[in-house]
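>>> 3D model of this:
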Amino acid sequence: MKAFKDTPIKRKLTLVIAFTSALALFLSYCSFVAYELIANKRLIKSELSTLAKIIGENSAASLIFNDKNYAMDILSALKAKDQITSAYLYQEDGGMFAAYLHDNASKETPPPCPSNYMEDVINSSGGYLQIFHQIFFDDERVGTVYLKFDMSEIYSDLALYSGVAFVILIVFLFFALFLSSGLQKAISGPILRLAETAKVVSREKNYSVRELTHDSEDEVGILIKGFNEMLEQIQKRDLGLESLVSERTRELREAYKNLEKEMMEREQAEKALDESKVKMIHASRLTSLGEMATGVAHEINQPLTFISGFIQSLGLSLRQKSIGEIDEAKLRKNLKDASHQVARIVSIIDHLRSFGRRSDMPGENANLEKILDDALLLIRERLRLRDIRLSINAEENLPAVKGNPNQLEQVFINLFQNSLDAFENKTGNAGISVDIGISDDRKSLKIRFSDNGPGIDESIIDRIFEPFFTTKDVGKGTGLGLFIVYGIIKDHHGVITCESEINQGTTFTIIIPVRE
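Numbers count the residues shown, from 1 in each chain. Alright, predicted model coming up:
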């Protein structure tokens, strides 16, 4: 089937016409042979039935009077019919009465005589036609005649006629092929020229080529006319497209230049925004340092008071006693305690300087427990002065997160500061709890920062992370604390949410991915 599809249309038309003609001639040939065979059989059956009837009428008397010689004479008359190979006369009871065999016929066993039948029994078997005909005399059955007819001569004649008809069929077929090869050009010629034109158009992309017009108004003419109109439309469309592409190219160049300019401006704006963000975080950190100044002063004042008392005690001992009388063990202990207090002051000052320093966002391992401890170094004294209970719960062996320790410390400082501001008008039983744990899939750390302050009204809880949003009085807050917390957590690819209930407290939940 695929080979036929790929065959040129010229050959297809020839093959289709030839096949159609051959099929028509073959069907006619088969019809002729079948008709001849059926007609001859019908004619022979009619002649054989008539012959059997004549023999039966002539043999009735011999059967009645049991005259076999007369019966044999009647059957012998069949010698004139070479096709009758055998004939038998049966008595009424089916017994054999007389028989005839043609000279060229071989001996055979007489067939049994059928009983209880009204019409002639005619059947065909082994190239022979056989008939059983009942013999009546005065409407009384007296016997049966059997004739056997050889069909070989009929078949030979039919084969001869069929051979002649087949030769005629072949001659007609070749004539049809010759005729179709000429007639198909009227159809295939214009189509082949059209196909060649299509190849030229496809190969050269030249839509100005046109196929010559076809004189007729048949389907081929309509096809060629439609093809020419299609080429004309494509040519017009291409001309329009070229103009449109040229216009769009010019617009695209202008748009690209504008986009380049916008991208540069956006890049500069993003750089300025990042710079402003860093400055804002740094300013917030400095503001936090200012707000923590009182607590830090108390934190430093304690070791300074101890050191001052130790120096005064040492001076008094030196005035009252000689150096040899001073308790050396006590002196060493006091010196060790003084050194520890000095180291504590140095640690606080160093951390103040580190926390107040501007920092960008390098990716390093950050230990949240240590970051929380550093934040408490600056904020713990303020909590103590305000009599606020602090509860810290952290799971053991927590993995590090990737981020900036200073910025993450700023998150804790701002959350502590937010709770301190919330406790401003609350007296007694104030508390803050910080819980740090790891998620079930061990891919992130979860921080829950809770206080039992007055809570946040449901109508504004969705706005607390907006810049410059604050519920404090004018001059008492910038509204940037939680906004900075939100930005830092987002930069660390984390999430922060808030849940609050009036007069019950507020809980901030932070989820930060661990370092892979």
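>>> and P114, backbone torsions?
phi -70, psi 160 (degrees, to the nearest 10).
>>> now the helices for this protein?
2-5, 9-64, 68-76, 152-183, 185-204, 219-291, 293-320, 328-356, 368-385, 405-422, 481-491 (DSSP state H).
>>> what comes into contact with the third one?
Just to be clear, that refers to helix 68-76. 55, 58-59, 61-63, 87, 89, 97-100 (Cβ atoms under 8 Å, 6 or more residues apart in numbering). The way it works is simple: take the backbone N, C-alpha and C, and place the C-beta from them, glycine included.
>>> got the buried residues for that helix?
71, 74-75 (16 or more other Cβ atoms under 10 Å).
>>> What residue spans form the domains of the protein?
Taking automatic domain parsing as the criterion, the chain consists of the domains 2-180, 292-357, 363-516.
>>> which one of those has the most crowded surroundings?
Neighbour counts (mean count of other Cβ atoms under 10 Å) averaged over each of the domains of the chain peak at domain 363-516, with a mean of 17.
>>> Hmm, I488 and I496 touching each other?
No. Between I496 and I488 there is no contact under Cβ atoms under 8 Å: 9.1 Å.
>>> G494: what's it in contact with?
With the criterion set at Cβ under 8 Å, 6+ apart, G494 makes contact with 444, 510-513.
>>> Need the residues that contact stretch 48-62.
Here stretch 48-62 makes contact (Cβ under 8 Å, 6+ apart) with 67-68, 70-71, 74-75, 78, 81, 84, 87, 89, 98, 120, 122, 129, 131, 133-137, 142-143, 145, 147, 149.
>>> In strands, which of those residues fall?
Counting by DSSP state E, those place 84, 87, 89, 98, 122, 129, 131, 133-137, 142-143, 145, 147, 149 in strands.
>>> Kindly state the pLDDT recorded for F174?
Note on F174: pLDDT of 77.
>>> scratch that, D435
D435 is given a pLDDT of 95.
>>> Check the one 10 residues further on too.
As predicted, L445 sits at a pLDDT of 94.
>>> Which strand residues bridge it?
Legend: beta-bridge partners of L445 under DSSP bridges are I438, I512.
>>> how near is N397 to L129?
112 Å (Cβ to Cβ, to the nearest Å).
>>> Could you list which residues are in contact with the residue lying closest to S419 once chain neighbours are set aside?
Computed as Cβ to Cβ, 6 or more residues apart in numbering, the closest residue to S419 that is not its neighbour in sequence is D451, at 4.1 Å. Counting by Cβ under 8 Å, 6+ apart, D451 touches 419, 422-423, 430-433, 505-506.
>>> ok, now L445?
Contacts of L445 (Cβ under 8 Å, 6+ apart): 368, 398-399, 401, 436-439, 511-512, 514.
>>> at 7 Å what do you get?
By Cβ atoms under 7 Å, 6 or more residues apart in numbering, L445 lies in contact with 368, 398, 401, 436, 438, 512, 514.
>>> now, the most widely separated pair of the residues you listed?
For the contacts of L445, the farthest-apart pair by Cβ to Cβ is I436 and V514; their separation is 11.9 Å.
>>> Show the pLDDT at the closest residue to E36 other than its chain neighbours.
Nearest residue to E36 in three dimensions, chain neighbours excluded: L158, at 5.6 Å (Cβ to Cβ, 6+ apart). pLDDT, L158: 76.
>>> What residues are bridge-paired with the nearest residue to I122 once chain neighbours are set aside?
What sits nearest to I122 in space, not counting adjacent residues and going by Cβ to Cβ, 6+ apart, is I131, at 4.9 Å. Counting by DSSP bridges, I131 is bridged to I122, L147.
>>> hang on, I131 packs against L147?
Yes. Contact criterion Cβ atoms under 7 Å: I131 and L147 qualify, at 5.1 Å.
>>> Now do the phi/psi pair for A400.
Per-residue torsions, A400: phi -80, psi 160 (degrees, to the nearest 10).
>>> residues contacting it?
A400 sits in contact with 365-367, 514-515, where contact means Cβ under 7 Å, 6+ apart.
>>> Now pLDDT too, for those, in CSV please.
Formatted as CSV, these follow (pLDDT from 0 to 100):
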residue, pLDDT
N365, 83
A366, 86
N367, 90
V514, 91
R515, 83
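>>> which one of the residues you listed is nearest E265?
Among these, and counting by Cβ to Cβ, the member closest to E265 is A366, at 34.7 Å.
>>> What distance do you get for that closest one to D238?
64 Å.
>>> re earlier: tabulate the contacts of D451 (CSV), appending distance to T249.
Output for the contacts of D451, formatted as CSV (distance: Cβ to Cβ, whole Å):
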residue, distance to T249
S419, 62
A422, 62
F423, 67
A430, 70
G431, 70
I432, 65
S433, 65
G505, 64
T506, 59
